[in-house]
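# can't give you the sequence, but here's the structure:
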């Protein structure tokens with residue numbers, strides 16, 4: 001793992017601890033609200049474990065934040081220009097999913113995230129990660145098999161989907177080629 005990614009994991013862990021402590025929550029309270037074990041929370045907060053996309057979604061849902069907002073608070077510095085070399089990169093240790101935060105930190109209620117989903121990879125996210133926000137998914141390259149609750153969408157390059165009410169979602173790349181897509185998140189709070 002690269003130093004830059006290790007550093008992001010440490011920043012994410014520190015941010016989760018800050019968010020938990022700002023709410024006056026114990027490890028047990030965050031565990032109850034997120035469905036993540038106390039032991040795993042402790043490992044993530046100390047930077048000893050890289051959180052998966054599912055864990056990040058559970059933490060963000062417990063805090064009432066979008067996953068993008070939680071990660072931006074951990075990773076980003078203020079400024080109107082965010083150069084490619086400075087865009088925070090995070091890799092899900094389970095799926096190999098690579099997430100690059102593209103939009104600069106600002107007071108705009110919008111986040112833009114670039115995702116690389118490897119061939120045959122699958123990422124499931126709970127409905128709690130979509131509360132208080134609207135999402136657009138725009139396929140930039142390849143194909144994305146996306147399940148939103150009970151609804152399945154087979155998306156091709158150039159397709160853009162607006163998500164409906166929060167529901168459990170699955171992002172899957174069933175092809176032999178990587179899939180690249182952008183997620184545009186608009187906060188509704």
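Perfect, I can see it now. Computed from a predicted model, the values in this text were never measured in an experiment.
# name the nearest residue to the residue nearest the centre of the chain, sequence neighbours excluded.
Using CA atoms, centre = their mean, the residue of the chain that lies closest to the mean C-alpha position is residue 67, 4.4 Å off. Closest residue to residue 67 in three dimensions, ignoring its sequence neighbours and counting by CB to CB, 6 or more residues apart in numbering: residue 60, at 4.4 Å. The C-beta positions use only the backbone N, C-alpha and C, and glycine is treated the same way.
# surely the residue nearest to the centre of the chain is in contact with residue 128?
No: with contact defined as CB atoms under 8 Å, residue 67 does not reach residue 128; the gap is 10.0 Å.
# give me the common contacts of those two.
Overlap between the contact sets of residue 67 and residue 128, as judged by CB atoms under 8 Å, 6 or more residues apart in numbering, is given by 57, 60.
# mind listing the helices for the chain?
3-22, 27-34, 38-45, 53-63, 67-75 (DSSP state H).
# residue 84: which of those is closest?
Relative to residue 84, the nearest member of the helices of the chain by CB to CB is helix 3-22, separated by 13.0 Å.
# and the worst-scoring helix or strand of the chain on mean pLDDT, what does it pack onto?
Lowest on mean pLDDT, DSSP states H and E among the helices and strands of the chain sits helix 67-75, with a mean of 75. In this structure, helix 67-75 makes packing contacts with helix 3-22, helix 53-63, strand 98-101, strand 110-117, strand 179-187, judged by 3 or more CB pairs under 8 Å, 6 or more residues apart in numbering; DSSP states H and E.
# please identify the deepest-packed of the ones you listed.
Mean neighbour counts were compared across those using mean count of other CB atoms under 10 Å; the top stretch is helix 53-63, at a mean of 23.
# quick check: angle from that helix to strand 110-117?
Note on geometry: by axes from the mean of the first three to the mean of the last three CA atoms, to 10 degrees, helix 53-63 and strand 110-117 are set 160 degrees apart in direction.
# now do the domain split for the chain, please.
In the domain annotation for the chain, the residue ranges read 3-74, 79-187 (automatic domain parsing).
# name the stretch among those domains that sits most buried.
domain 3-74 (a mean of 18).
# just checking, the residue nearest to residue 67 touches residue 74?
No: taking CB under 8 Å as the definition, residue 60 is not a contact partner of residue 74, at 10.9 Å.
# residue 115 and residue 54, how far apart?
Distance check for residue 115 against residue 54: by CB to CB, to the nearest Å, it reads 15 Å.
# just residue 139 next, same as before
Plainly put, residue 139 is 22 Å away from residue 54 if you go by CB to CB.
# reformat the helices and strands packed on helix 67-75 as TSV; add mean pLDDT and distance to residue 39.
Written out in TSV, the entries for the helices and strands packed on helix 67-75 read as follows (pLDDT from 0 to 100; distance: least, CB to CB, whole Å):
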stretch	mean pLDDT	distance to residue 39
helix 3-22	79	14
helix 53-63	87	12
strand 98-101	91	25
strand 110-117	93	29
strand 179-187	93	30
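# out of those, flag the one nearest residue 166.
Go through the helices and strands packed on helix 67-75 one by one with CB to CB and the one that ends up closest to residue 166 is helix 53-63, at 9.1 Å.
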